[in-house]
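1. Need a 3D model of the sequence below.
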Amino acid sequence: MKVWVCNTLTSIFYPMLGTARLYAYLKNKGYDIVLKDFNQNAFFHMLSKKYLEGVFVRLEDKFEPATRSKFLRENLGSILLNSSNNGFRAIIGSKIDNKNIYYALLGQKDFLISRIDAAREALDKEFLGLSPEDFLAHFKTILCGKALIDAAYFPAQLDFGFGFHGAMYSPRAGDIIRAVKDEQFNFLIPYYNNEVMPLLEKERPGLVGISITHTADLVPVFTLAHLIKSKHPDIHICLGGATLTEIAYRLEKNLKLWDFFDSLILGPAENTFGELIERVGKRENLAAIPNTIYREGGSIKKSEKVCEFDLNEACAPEFVSLRPKSILPLEASSGCYWGKCIFCYYPRMGTSGITAGYENKRVRNIELVIDDLKKLQERYDPSYVGLIDASTSPHRLEKIVEYNLKAEKKIPFSAFIRFEKEFTSPSFCDKLAKGGFLGGQIGLESGSQRVNDIINKGVNIKDAETIIRNFHRAGILMHVYCVVGVPGETKKNALMTYKFLKRWHRLIGLGWQIFSLYVLEHGPLAERANEFGLKAHALPDDYLAQVMNYELKDGMSQAESINLTIQYHERLKRYMHPLRHIMDVETYKAVIVAFKAKGVGPAAEDIG
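-> Numbering: from 1, shown residues only. Presented below is the predicted three-dimensional model:
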């Protein structure tokens, strides 16, 4: 039986890791399996001449109502300009009013499509192998293609860093059911119908596995599943992925969504998907397969067996359809070696049983990690490899660096890290930089020592300041995460976080994000609610999200946390990297690190 494992629209810059690792593992076991990239391939198809001509047909259909509605004329013009980050200004002239931009673009259809398609083709062929100047020039042009799609399908939006985005659908079961059939707003339906379904008809897999990596994947995944089930109800569809595991307990309760798929796998699928293939091929009962929830007749059942995967048994991921000098993800451990922060869900990720223990089987032997890095470099020649672990210890970073310092060709890499004492040593930071460590993403959480102590972050603010200096001096990039609204945190404490970022912004090369406090149903804060004077309320069952509404006995309210987060982001906007003007946060971080790996950076005039 032929088997597909698939990605859907997520990010134009990153191939997805889970399916690539599963594909390599099962292929090595001898299964007839193929990996289908409906992520990057979807982006590049939707920016093509073929797809954009259909987009213009939709826009032309809006022409007549637009002539009768001043609001619609101006609205469409604003949508186009904002979504392209003013990319259209360079093409059609800066003096055209918003209300006339719509008409100007319709009159330049062939010219616009040819320009966008040429930029898409250049990026498709050379991608991050291009110079920063050429890459950014082409990127600005494909932003115009994104803007056209956004206008045609508004308020759904194509997002280069998050895939399917916008205010059209929430992560509610009813919205998802509506979305999968909604040709007015769902811009993936033409792509799936014209590109994916003919491929399905040709290859006729008996089982299709689809990964849900982020909440934004819900509409793309269920749309694909719906189209497959509509034409081939006999094909078994299995869902998996990190986000799917987190929300599986909610998915169990939404029976109507099970019309689109047959089973799901919790946690890493390596030690369960092979058995699923065997049993589906023989039409046997699925009850004995660990880590599964499945449909049987009109009911949903869950396997009583839980089996955790040993990361040391994983295979180096094998990717398909990569663009030149792509950025590649790699997991060296699951969970977090610190694992003590009171709000953090990361320690539970990467497991089937949603457990937080940092066991040996969750930490891949560092020699195997280095071998994985070597294989990725030899096979794909990436711009760099991003370690996606919740946190990589200084000791493990040093091991990779020491390999690089002896190797004929270094493997540039990034990682998620903590403000550890080891980084307060300038010589240690210099060693990391010389050994190919480009930088990382790091949780400060708060500029207040009191709040970090409440969090049990294990971070000393003075050490953090020293580390920021050391990283900047060594040329190591850093992106800082903060949170506002921790139990017991005052507005005065929160202001210290804002002031910390303002004071150090020049040395934080990848910028920052401030989040309001999230309370998750299966997270430590919810479990220790009484201890922190927290009263949390789960969302209705039809929400496919763990986040909860809450009240705190001591500290800021949820609304105050959200409001302060927005205020601080707005105040700090002027200090952000210029690439943020044309890219979302995930995209610009990836691009800056990729340029760093080249040893170059974009000139200011290329960004503006």
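2. who's in contact with the helix or strand where Arg120 lies?
-> Arg120 belongs to helix 109-126 when assigned by DSSP states H and E. Contact partners of helix 109-126, identified using C-beta atoms under 8 Å, 6 or more residues apart in numbering, comprise 44, 47-49, 52-53, 56, 91, 105, 130, 134-135, 137-139, 141-142, 144-145, 148, 323-324. Where you see a C-beta, it was placed from the backbone N, CA and C, and this is true even at glycine.
3. Mark which of these are buried, thanks.
-> Buried by 16 or more other C-beta atoms under 10 Å: 44, 47-48, 52, 56, 91, 105, 130, 135, 138-139, 141-142, 144-145, 148, 323-324, out of the contacts of helix 109-126.
4. Out of those, name the ones that lie in helices.
-> 44, 52, 56, 91, 105, 135, 138-139, 141-142, 144-145, 148 (DSSP state H).
5. tell me the mean pLDDT for the helix holding Arg120?
-> Taken as a whole, helix 109-126 has a mean pLDDT of 94.
6. Repeat that for stretch 580-591.
-> 90.
7. Could you count how many residues lie near Glu183?
-> Glu183 has 11 neighbours, counted by other C-beta atoms under 10 Å.
8. same thing with Ile342?
-> 17.
9. Correct me if wrong, but it is in a strand.
-> No: judged by DSSP: H, G, I helix; E, B strand; the rest coil, Ile342 forms no part of a strand; its state is coil.
10. per-residue confidence for it?
-> The model's pLDDT for Ile342 equals 92.
11. residues in contact with Gln567?
-> Per C-beta under 8 Å, 6+ apart, neighbours of Gln567: none.
12. Torsion angles phi and psi at it?
-> phi -60, psi -50 (degrees, to the nearest 10).
13. when you give positions from now on, start the count at 10
-> Sure, I'll start numbering at 10, so the last one becomes Gln576.
14. What separation do you get for it and Gly497?
-> Counting by C-beta to C-beta, to the nearest Å, the gap from Gln576 to Gly497 is 20 Å.
15. And for Glu411?
-> Glu411 is 42 Å from Gly497, where distance means C-beta to C-beta.
16. now Ser239
-> 52 Å.
17. about what we covered before: if you count what's nearby, which of Glu411 and Gly497 comes out ahead?
-> Of the pair Glu411 and Gly497, Gly497 is the one with more neighbours under other C-beta under 10 Å, namely 16 against 13.
18. shouldn't the more buried one be in contact with Ile464?
-> No: using C-beta atoms under 8 Å, Gly497 is not in contact with Ile464, being 10.0 Å away.
19. what's around the residue nearest to Arg405 when sequence neighbours are not counted, how many residues?
-> Leaving aside its chain neighbours, Arg405 sits nearest to Ile375 (5.7 Å; criterion: C-beta to C-beta, 6 or more residues apart in numbering). Neighbour count for Ile375, taken as other C-beta under 10 Å: 16.
20. ok, Ile375 touching Glu407?
-> No: Ile375 lies out of contact with Glu407 (C-beta under 8 Å); the separation is 9.7 Å.
21. quick one, helices of the stretch 110-259 of the chain?
-> Along the stretch 110-259 of the chain, the segments classed as helices by DSSP state H, counting those that start in this stretch run 118-135, 141-162, 182-188, 197-200, 206-212, 227-240, 251-260.
22. of the ones you listed, which approaches Lys415 most closely?
-> Ranking the helices of the stretch 110-259 of the chain by proximity to Lys415 (C-beta to C-beta) places helix 141-162 first, at 29.9 Å.
23. in stretch 362-382, what's buried?
-> Those would be Ile363, Thr364, Ala365, Tyr367, Arg371, Val372, Arg373, Ile375, Val378, Ile379, Asp381, Leu382, for stretch 362-382 by 16+ other C-beta under 10 Å.
24. Give the buried residues for stretch 344-354.
-> So for stretch 344-354, counting by 16+ other C-beta under 10 Å, buried means Gly344, Cys345, Tyr346, Trp347, Gly348, Cys350, Ile351, Phe352, Cys353, Tyr354.
25. just checking, the fourth one touches Gly467?
-> Which is Trp347. Yes: with contact defined as C-beta under 8 Å, Trp347 counts as touching Gly467 (6.2 Å).
26. any common contacting residues for these two?
-> With C-beta under 8 Å, 6+ apart as the test, Trp347 and Gly467 both reach Arg427.
27. hang on, the earlier thing: from the ones in helices among the buried ones among the contacts of helix 118-135, which one has the minimum pLDDT?
-> Within these, pLDDT is lowest for Ile100, at 67.
28. Find the least confident helix or strand in this protein, judged by mean pLDDT.
-> When each helix and strand of the chain is scored by mean pLDDT, DSSP states H and E, helix 613-616 comes last, with a mean of 46.
29. thinking again about what came up before, could you dump the buried residues of stretch 344-354 to TSV with distance to Lys562?
-> Shown next, in TSV, are the buried residues of stretch 344-354 (distance: C-beta to C-beta, whole Å):
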residue	distance to Lys562
Gly344	30
Cys345	28
Tyr346	32
Trp347	27
Gly348	26
Cys350	20
Ile351	15
Phe352	16
Cys353	21
Tyr354	22
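30. Now do the helices in the stretch 260-409 of the chain.
-> 279-290, 375-389, 403-415.
31. Need the winner for burial among these.
-> The highest mean neighbour count among those, using mean count of other C-beta atoms under 10 Å, belongs to helix 279-290: a mean of 20.
32. what helices or strands is it leaning on?
-> In terms of contacts (3 or more C-beta pairs under 8 Å, 6 or more residues apart in numbering; DSSP states H and E), helix 279-290 is packed against helix 26-37, strand 216-220, strand 245-249, strand 272-274.
33. do that again at 7 Å, thanks
-> helix 26-37, strand 216-220, strand 272-274 (3 or more C-beta pairs under 7 Å, 6 or more residues apart in numbering; DSSP states H and E).
34. roughly how far out does that helix sit from the chain middle?
-> In this view, helix 279-290 has its centroid 27 Å away from the chain centroid, taken as C-alpha atoms, centre = their mean, to the nearest Å.
35. neighbouring contacts of it?
-> Contacts of helix 279-290 with the rest of the structure, by C-beta atoms under 7 Å, 6 or more residues apart in numbering, involve 10, 12, 31, 34-35, 38, 40, 215-216, 218, 245, 247, 272, 274, 295, 298-301, 316, 318, 323.
36. ChimeraX command to pick out the buried ones of these?
-> A single ChimeraX command is used to select the members of the contacts of helix 279-290 judged buried by 16+ other C-beta under 10 Å:
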select :12,31,34,35,40,215,216,218,245,247,272,274,295,298,299,300,301,316,318,323
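37. Which pLDDT does the model give Ala75?
-> For Ala75, pLDDT reads 52.
38. got it, and Val66?
-> 89.
39. Could you check how far it is from Lys118?
-> Distance of Val66 to Lys118, given as C-beta to C-beta: 10 Å.
40. Which one of these two is surrounded by more residues?
-> A direct count of neighbours by other C-beta under 10 Å for Val66 and Lys118 places Lys118 higher, at 17 against 11.
41. measure Phe541 to Ala535 for me?
-> As judged by C-beta to C-beta, Phe541 and Ala535 stand 10 Å apart.
42. again, but for Ala176
-> Taken as C-beta to C-beta, the span from Ala176 to Ala535 is 28 Å.
43. Now do the same contact list for Asn202.
-> Leu236.
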